[in-house]
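Chemist: here is my input, please return the structure:
(chains A and B)
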Protein chains: 2
Amino acid sequence: MHHTPLVILIASVLASGCAASHSNDVAVPPPRRAVLYQYSVIDGLLAGVYDGDLTMAELKQHGDFGLGTFNALDGELVLLDGVSYQIRADGSVRVAPDGERSPLGFATFFAPTQTFTLDAAVTLADLQAELARRLHPNAAYAIELRGRFANLTARSEDPGTRPYPEMAAHMAAHEHRFPLTNFEGVAAGFWLPPYLGRVNVPGLHLHCLSSDHRAGGHLLEFLSAGRLTIRVMELDVVELAISKHPDFQAVDLAHDRKRSLEQIEHTPR
Amino acid sequence: MHHTPLVILIASVLASGCAASHSNDVAVPPPRRAVLYQYSVIDGLLAGVYDGDLTMAELKQHGDFGLGTFNALDGELVLLDGVSYQIRADGSVRVAPDGERSPLGFATFFAPTQTFTLDAAVTLADLQAELARRLHPNAAYAIELRGRFANLTARSEDPGTRPYPEMAAHMAAHEHRFPLTNFEGVAAGFWLPPYLGRVNVPGLHLHCLSSDHRAGGHLLEFLSAGRLTIRVMELDVVELAISKHPDFQAVDLAHDRKRSLEQIEHTPR
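Modeler: Modelled structure (predicted):
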């Protein structure tokens, strides 16, 4: 959980001048931990649970950086600098209202602990290899890319209609790929360990947004052009809020949908 | 994260009488959430990571109820009413010192939301079936049993020696089973959904302690005698603190050790 309420409270107590006479009572806040907050799990989405109770307002209480989707699987969500963008099946981008709901969202307060650049033209696979060299395989990280791309493929999808099929079946018919050229922008996401494979997306998972806020989506592949700046934040804690939505409670999650995830995400593991 | 620091702080502010003049400044605490805190993941233990940095003192900051093990895999841990008990390979029980460390621990502040009793003689398998009828399969729960048992089998294990083998190999040679009769006591643990299968133990996972604090361990099977009281707490959040121990960072967790877990835990899934 993010510490803001405690920090605000301490700040207000200190500002009031009241704390001085009670300094022995005021707890020292614990060291700030880097928390990946997530609402629900990837296995639910894969199984066809496309609705949930997470509002954009609530997601933003837990971070200014992240990704996810929207109820009915209505496009891709990327949270950047505290703004939640929705990239729909037609490629359009809008700022999602605070009341918009989601079945699956991930967020953190992005505070990078290392930065590196790649000056040669690289692909998404090259970046994955570079991250594998630099990062611990069993740790978790938030990742941000900024730069220009000669070409880049993003995707979004049509919303589902009830009864919702499993995600692999839905995507086979309703995925839309956007081949973009001379893309300048940012990608946000996570690099996660294998043991989180049913909870979140293991490996690298990025959603992107162009600098002009007119294009983006789930990032499938790219070829960079010019310097790519990669900022990395190591995460200390994964905080999973379990969905109480009736669809989630009722779905059969007994078997592992790993293959289905690999098919959808198109990223090597 | 547990809210205690915030709650304590608010309580101290209110008690001081100072808050009255600053009531507009004091944030209303968010609704109390039921948090399962865990340090590290079961996949690490299965892979032979028997050392970690979690102290008993730290575990108890996150709960008064839980389970786990100790560094070197030196026995079974059960946390009851805020006291961490260690049950060693010889069956002996001691209170573990606050500085004792663990590679894997789970805890919550136990606040049951439902209670039921079973008056007929039941086995662990019967209890699992009853829980499956009463609980949502995709939700997470803390579970406590209290009562008498005609017989009960608990187990502990010898500590490992470096280089540590994988846990299934270690247990094959170093598990000690304690067949206990006329056991009166308590068992504490969790009932967790399948998607947490590499993070924690899916299904029912209990450690037990006799009322006289002279016997206990990881609970393998039982036959109850007289009334068994089962208290259940639904969990809202799973908070995973990722181990930064070098052994954990270095181990290969790429493949799923589900079969290994089933072999060790001896509980049907």
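
Chemist: the most centrally placed residue in chain A: which element?
Modeler: When CA atoms, centre = their mean is applied to chain A, the residue found nearest the centroid is residue A:67 (2.6 Å). Residue A:67 belongs to strand A:65-69 when assigned by DSSP states H and E.

Chemist: and that strand, what does it pack onto?
Modeler: Contact analysis of strand A:65-69 by 3 or more CB pairs under 8 Å, 6 or more residues apart in numbering or on different chains; DSSP states H and E lists strand A:76-80, strand A:105-108, strand A:175-192, strand A:203-210 as its packing neighbours. Every residue, glycine included, has its C-beta placed from N, CA and C.

Chemist: what angle do the last one and strand A:175-192 make?
Modeler: Put plainly, it is strand A:203-210. 120 degrees (axes from the mean of the first three to the mean of the last three CA atoms, to 10 degrees).

Chemist: chain neighbours aside, what residue packs nearest to the residue nearest to the centre of chain A?
Modeler: With sequence-adjacent residues excluded and distances taken as CB to CB, 6 or more residues apart in numbering or on different chains, residue A:67 is closest to residue A:207, at 4.3 Å.

Chemist: how about residue A:210?
Modeler: Nearest non-adjacent residue to residue A:210, counting by CB to CB, 6+ apart: residue A:185, 4.0 Å away.

Chemist: I'd say the one you found and residue A:208 touch.
Modeler: Yes: counting by CB atoms under 8 Å, residue A:185 does reach residue A:208; the two are 5.9 Å apart.

Chemist: any shared contact partners between the two?
Modeler: In terms of CB atoms under 8 Å, 6 or more residues apart in numbering or on different chains, residue A:185 and residue A:208 are both contacted by the residues residue A:216.

Chemist: more neighbours: which of the two?
Modeler: Ranked by neighbour count (other CB atoms under 10 Å in any protein chain shown), residue A:185 and residue A:208 place residue A:208 first, with 29 against 22.

Chemist: pairing partners for the more buried one in the sheet, please.
Modeler: residue A:187, residue A:217 (DSSP bridges).

Chemist: Three-state assignment for residue A:33, please.
Modeler: coil (DSSP: H, G, I helix; E, B strand; the rest coil).

Chemist: what about it, how many neighbours?
Modeler: Neighbours around residue A:33, by other CB under 10 Å: 15.

Chemist: one more: residue A:191?
Modeler: 25.

Chemist: that one bridge partners, please.
Modeler: Taking DSSP bridges as the rule, residue A:191 bridges to residue A:141, residue A:204.

Chemist: follow-up on the earlier one: what sits against the residue nearest to residue A:67?
Modeler: Going by CB under 8 Å, 6+ apart, the list of residues near residue A:207 reads A:67, A:76-78, A:87, A:187-189, A:216-219.

Chemist: touching, the residue nearest to the centre of chain A and residue A:106? I think so.
Modeler: Yes: Residue A:67 lies in contact with residue A:106 (CB under 8 Å); the separation is 5.7 Å.

Chemist: overlap in contacts, the two.
Modeler: Counting by CB under 8 Å, 6+ apart, the residues touching both residue A:67 and residue A:106 are residue A:190.

Chemist: separation between residue A:189 and chain B?
Modeler: 18 Å (CB to the nearest CB, to the nearest Å).

Chemist: let me fix that: residue A:116
Modeler: As judged by CB to the nearest CB, residue A:116 and chain B stand 20 Å apart.

Chemist: count of residues packed around the spatially closest residue to that residue that is not a sequence neighbour?
Modeler: In this structure, residue A:116 finds its nearest non-sequential neighbour in residue A:230, 5.4 Å apart by CB to CB, 6+ apart. Neighbour count for residue A:230, taken as other CB under 10 Å: 20.

Chemist: doesn't residue A:230 fall inside a strand?
Modeler: Yes: looking at residue A:230 with three-state DSSP, it is inside a strand.

Chemist: nearest to residue B:197, out of the helices and strands packed on strand A:65-69?
Modeler: Evaluated with CB to CB, these place strand A:175-192 nearest to residue B:197, the distance being 15.8 Å.

Chemist: which parts of the closest one are buried?
Modeler: Neighbour-count burial for strand A:175-192, counted by 16 or more other CB atoms under 10 Å in any protein chain shown, picks out A:175-176, A:178, A:180, A:183, A:185-192.

Chemist: can you give me the mean pLDDT across it?
Modeler: Mean pLDDT, strand A:175-192: 98.

Chemist: CA atoms only for it, dumped as CSV, please.
Modeler: Provided in CSV are the C-alpha atoms of strand A:175-192 (Å, rounded to 0.1, in the frame of the first residue of the first chain):
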residue,chain,number,x,y,z
GLU,A,175,-7.2,-7.8,-32.3
HIS,A,176,-6.3,-4.7,-34.3
ARG,A,177,-2.6,-4.1,-35.0
PHE,A,178,-1.3,-0.7,-35.7
PRO,A,179,1.9,-0.6,-37.8
LEU,A,180,3.4,2.9,-36.9
THR,A,181,6.4,4.6,-38.5
ASN,A,182,8.5,7.5,-37.1
PHE,A,183,6.9,7.0,-33.7
GLU,A,184,8.2,9.2,-31.0
GLY,A,185,7.0,8.5,-27.5
VAL,A,186,7.1,6.5,-24.4
ALA,A,187,6.3,3.0,-23.3
ALA,A,188,5.5,2.0,-19.7
GLY,A,189,5.3,-1.3,-18.1
PHE,A,190,7.0,-4.0,-16.0
TRP,A,191,9.6,-6.8,-16.1
LEU,A,192,8.4,-9.5,-13.8
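
Chemist: in terms of secondary structure, what does that strand contact?
Modeler: On a contact count with 3+ CB pairs under 8 Å, 6+ apart, strand A:175-192 meets strand A:65-69, strand A:76-80, strand A:140-157, strand A:203-210, strand A:216-224.

Chemist: and with 6 Å instead?
Modeler: With contacts taken as 3 or more CB pairs under 6 Å, 6 or more residues apart in numbering or on different chains; DSSP states H and E, strand A:175-192 sits against strand A:140-157, strand A:203-210.
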